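In: My questions are about this predicted structure, shown below with the sequence.
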2 protein chains.
Amino acid sequence: MADDRLVALAERLQGLCIGRSLTVATAESCTGGLVAETITNVAGSSGYFVGGVVAYADRVKTAQLGVPVAVLTAHGAVSAQVARAMAVGARERLAADVAIAVTGIAGPGGGSEEKPVGLAYVAIADEAGVDVRRHQWQGDRQAVKRASAAAALEMVIEHVARDTHRAGGA
Amino acid sequence: MADDRLVALAERLQGLCIGRSLTVATAESCTGGLVAETITNVAGSSGYFVGGVVAYADRVKTAQLGVPVAVLTAHGAVSAQVARAMAVGARERLAADVAIAVTGIAGPGGGSEEKPVGLAYVAIADEAGVDVRRHQWQGDRQAVKRASAAAALEMVIEHVARDTHRAGGA
């Protein structure tokens, strides 16, 4: 039951990463595994995708990704700071060249005035550092998951393509 | 784009686990996150699902789930022994009451005469121990992923329901 738009993004990512010998890891909260699921729907994805962590509970963010408890406490699980820490942690712990992290509020519960349902942060960590973007999606739980996963795949494609350009590659 | 059959299984699992105050973790290889993705498509899943590991590369099975290199070398990543070790490792490392593990060959590549495409092992670890089942699916990559995810959800439902019965619960 793959989403065609998502699978097309995963195919593009796979082509870029295998061509550049880059490995990728994921760290997902609100998408709940959808980014990894999409990536692994493409045959040959084991050629660049090493794996990921679905960190739903905060203690999994800490134990499996090394997100500091102090950062979770100070900023909350849905924050730019936690997205960054998830991406950096996934890149290190899963020993990948590039890591994708997503944290957000898929709903219908869990929202607040400050952090409404549909808020999501996507972070990409690579050798150059870590970049994070904030999104505010509309729609139901599945729509928020899909929009977040698409944004994550688009952002990592942009990074990998840009870094290739910088390196003078084709 | 959720698969209705899978989501119905996740809803049933959620009802059982929340009613019994049981937490669940996942460890996925060939399903690539589909089990976690399905579980988190149900609103309220954060009430029992702590998270999971998508362990595509063998080094992720070792680093994140504690699967011994010797077991991977002796039996191969797609084996009953590795499925068991993934389930036990996920239960311990993610500190969940029950862990679900899946390892298999989704195809189209990676098969052999001894271990053909569609071979999958599903393991469930809980306080009583660990149980593993072998499956041989027909169909393409997506069909193998879906069948494996459904078998994993059915098996964990069976375990949780049985343990509740044993404990004399409602």
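Out: Nice, I can see it. Numbers count the residues shown, from 1 in each chain, chains lettered A, B, ... in the order given.
In: From here on, just use CA atoms for contacts and neighbour counts.
Out: OK.
In: Not counting sequence-adjacent ones, nearest residue to residue A:21?
Out: Nearest non-adjacent residue to residue A:21, counting by Cα to Cα, 6 or more residues apart in numbering or on different chains: residue A:48, 7.4 Å away.
In: With residue A:38 instead?
Out: Using Cα to Cα, 6+ apart and skipping residues adjacent in sequence, the residue nearest residue A:38 is residue A:7, 5.9 Å away.
In: Neighbours of the one you found, how many?
Out: Residues near residue A:7, counting by other Cα atoms under 10 Å in any protein chain shown, number 20.
In: mind checking pLDDT for it?
Out: pLDDT for residue A:7: 96.
In: again with the one 10 residues further on
Out: In the prediction, the pLDDT value recorded for residue A:17 is 98.
In: same deal with the one 4 residues further on?
Out: The predicted structure scores residue A:21 at 97 on the pLDDT scale.
In: Isn't it up against residue A:14?
Out: No - if you go by Cα atoms under 8 Å, residue A:21 and residue A:14 don't touch, sitting 10.1 Å apart.
In: Those two: which is more packed in?
Out: Neighbours were counted for residue A:21 and for residue A:14 using other Cα under 10 Å; residue A:14 has more, 26 against 11.
In: Go ahead and name everything in contact with the strand or helix carrying residue A:64.
Out: Element membership for residue A:64 (DSSP states H and E) is helix A:58-65. Contacts to helix A:58-65, defined as Cα atoms under 8 Å, 6 or more residues apart in numbering or on different chains, come from residues A:27, A:53, A:55, A:67-69, A:72, A:77, A:85-86, A:89-90, A:93, B:50-51, B:64, B:93-94.
In: Hmm, the residue nearest to residue A:21 is touching residue A:18, no?
Out: Yes - counting by Cα under 8 Å, residue A:18 is a contact partner of residue A:48 at 6.0 Å.
In: With only the CA atoms kept, save stretch A:17-37 in CSV.
Out: Provided in CSV are the C-alpha atoms of stretch A:17-37 (Å, rounded to 0.1, in the frame of the first residue of the first chain):
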residue,chain,number,x,y,z
CYS,A,17,23.2,7.6,-2.5
ILE,A,18,24.3,4.4,-4.3
GLY,A,19,25.9,6.5,-7.0
ARG,A,20,27.9,8.5,-4.4
SER,A,21,28.5,5.5,-2.0
LEU,A,22,26.7,7.2,0.8
THR,A,23,24.9,5.3,3.6
VAL,A,24,21.7,6.5,5.3
ALA,A,25,20.1,6.0,8.6
THR,A,26,16.7,7.2,10.1
ALA,A,27,15.5,8.3,13.5
GLU,A,28,11.7,8.7,13.6
SER,A,29,9.2,9.8,16.1
CYS,A,30,5.9,11.0,14.7
THR,A,31,6.3,9.2,11.3
GLY,A,32,6.6,5.9,13.3
GLY,A,33,8.7,4.1,10.8
LEU,A,34,7.1,5.5,7.6
VAL,A,35,10.4,6.9,6.3
ALA,A,36,12.2,3.6,6.7
GLU,A,37,9.2,1.7,5.4
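In: hang on, the earlier thing: which one of residue A:48 and residue A:18 has more residues nearby?
Out: Applying other Cα under 10 Å to residue A:48 and residue A:18 shows that residue A:48 carries more neighbours, namely 25 against 16.
In: List the contacts of that one.
Out: For residue A:48, the contact set (Cα under 8 Å, 6+ apart) comprises A:14, A:17, A:18, A:21, A:22, A:23, A:24.
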